[in-house]
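Just need the structure, nothing else, for what follows:
(chains A and B)
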Amino acid sequence: MEWRLFANLAEATGSKRVDVEAGAGDTLGDAFEQLLCEHPDLEAIVLDDEGDLEDHIRLLHDERDPFTAGEGFDTVLGTGDELALFPPVSGGRR
Amino acid sequence: MYTVSVLGSDAEPTVSRLVEAAEGRVGTVRLETAADGGRTRAREATGYVVDDSWHASGEGLSVRDAIDRLAPDHEYAFVLGAPEARLPVVVAGETDAAVGDPIVSVDGVGDLDADAALGAIDGTDPYETLESLVAAVKRSDKATYSGAIATFTGRVRAKEDEADERTRYLEFEKYDGVAERRMDEIESELEARDGILDVRMHHRTGRIPDGEDIVFVVVLAGHRGEAFRTVEDGIDRLKAEVPLFKKEVTDEETFWVHERD
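Numbering: from 1, shown residues only, chains lettered A, B, ... in the order given. Reported below is the predicted structural model:
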């Protein structure tokens, strides 16, 4: 399974795409743990003090938010699914 | 409008082949440096000679200005002689220019598959301007019912106030595919509102210098009230929901904007 990383997350890992072992039948949580295991630098950016995903960090599974549209970290992955992790979008003051 | 810079010793014949193969209106822009380097007579700023066809001459037009003028009513623009233009590149033949990552590269025009090249050109981000998006909504099937167009343009602000460090450029990265689909969804949802006839949004990516435009929202509506409301909701939703990331480079430093806001 492949993670796509953007902005400062890609800079922290030095790569925009990271392969992890998790595959079809594994959970999103497995793939996420493997990503952090491979790139421990990400932890300080994407996890809060409790070890939960920071509120402002967004995670997409096949373009959808698995925490509202799926089973969160228990979501089961399929073949060729795309995972993405990114900071808040560009924003700007109103 | 799809816009590419064509470079290399076979640029001219390559552009001829592409013009022939392309569907829709095609424009070309050539950057030429006059050999004598000087003007021989006083001239007007802009001169048009109009008949069934027309030609023009004038002063003070940049390559970018020329492309901007083509954008409202052309499908393609091919730019010659301008390796510095921040555009996708087609290379044909030998070139001295530093070419990053051309979308098409052939040793000579003889090796060019024009249809395949146009396919690659159609896969690039279209070149849009405020005027090109306004022209597009005016061509809409529903334009008959429209009494208002409202627009928003976001640009690169050099300074917040006098004491602020100058921003040199912003660099935008997007989640390819997902960003476009999310924008399409927002457009469709806004178009479903009563009185809203057509909505177009466009966000440029890559490096954008201070003073240049970044993002446009154009709303074609029956009346001004819903046009104003929708253009505001459109830019707010684009900023909140579309995966685009902004890096700022000032005179002193470089940072991701979300880390400062």
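
Grab the most central residue of the chain for me.
All of this is about chain A. For chain A, the residue sitting closest to the mean C-alpha position, by CA atoms, centre = their mean, is residue A:85 at 3.7 Å.

To clarify, I was referring to chain B.
By CA atoms, centre = their mean, chain B has its centre lying nearest to residue B:127, at 2.7 Å.

so what's it up against?
By CB atoms under 8 Å, 6 or more residues apart in numbering or on different chains, the contact list for residue B:127 reads B:1-3, B:67, B:71, B:77, B:87. For glycine as for every other residue, the C-beta is placed from the backbone atoms N, C-alpha and C.

Residues of chain B that sit close to chain A?
In this structure, chain B approaches chain A at residues B:154, B:172-173, B:175, B:178, B:181, B:236, B:239-247, B:256-259, B:261, judged by CB under 8 Å from any CB of the partner chain.

Mark which of those residues are buried, thanks.
Among those, those scoring as buried are B:154, B:172-173, B:175, B:178, B:239, B:242-247, B:256-258 (criterion: 16 or more other CB atoms under 10 Å in any protein chain shown).

quick check: mean pLDDT across stretch B:63-83?
In this model, stretch B:63-83 has an average pLDDT of 96.

next one: stretch A:35-50
For stretch A:35-50, the mean per-residue pLDDT is 91.

ok, and for the lengthiest helix in chain A, which residues are buried?
As assigned by DSSP state H, the longest helix anywhere in chain A is helix A:28-38. For helix A:28-38, the neighbour count (16+ other CB under 10 Å) marks A:28, A:30-32, A:34-35 as buried.

which residues of the chain fall in helices?
Chain wasn't specified; assuming chain A. Here chain A has its helices, by DSSP H, at A:7-13, A:28-38, A:41-46, A:66-69.

my bad, the chain I had in mind was chain B
Using DSSP H, helices in chain B cover B:11-21, B:63-70, B:114-122, B:130-138, B:178-191, B:224-241.

closest one to residue B:97 among the ones you listed?
Among the helices of chain B, helix B:11-21 comes nearest to residue B:97, with 10.5 Å by CB to CB.

The closest one versus helix B:114-122: what angle between them?
90 degrees (axes from the mean of the first three to the mean of the last three CA atoms, to 10 degrees).

quick one, what contacts the residue nearest to residue B:231 when sequence neighbours are not counted?
Distances taken as CB to CB, 6 or more residues apart in numbering or on different chains put residue B:150 closest to residue B:231, at 4.2 Å, once the chain neighbours are dropped. Residues near residue B:150 by CB under 8 Å, 6+ apart: B:218-219, B:221, B:224, B:227-228, B:230-231.

What subset of these is buried?
If you count burial by 16+ other CB under 10 Å, the buried members of those come out as B:218-219, B:221, B:227, B:230-231.

okay, those in CSV with distance to residue B:110 next?
Formatted as CSV, the buried ones among the contacts of residue B:150 follow (distance: CB to CB, whole Å):
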residue, distance to residue B:110
B:218, 43
B:219, 48
B:221, 52
B:227, 52
B:230, 51
B:231, 50
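
how close does residue B:2 get to residue A:35?
The gap separating residue B:2 from residue A:35 is 36 Å, by CB to CB, to the nearest Å.

and what of residue A:9?
Counting by CB to CB, the gap from residue A:9 to residue A:35 is 10 Å.

any common contacting residues for those two?
Counting by CB under 8 Å, 6+ apart, the contacts common to residue A:9 and residue A:35 are A:42, A:85.
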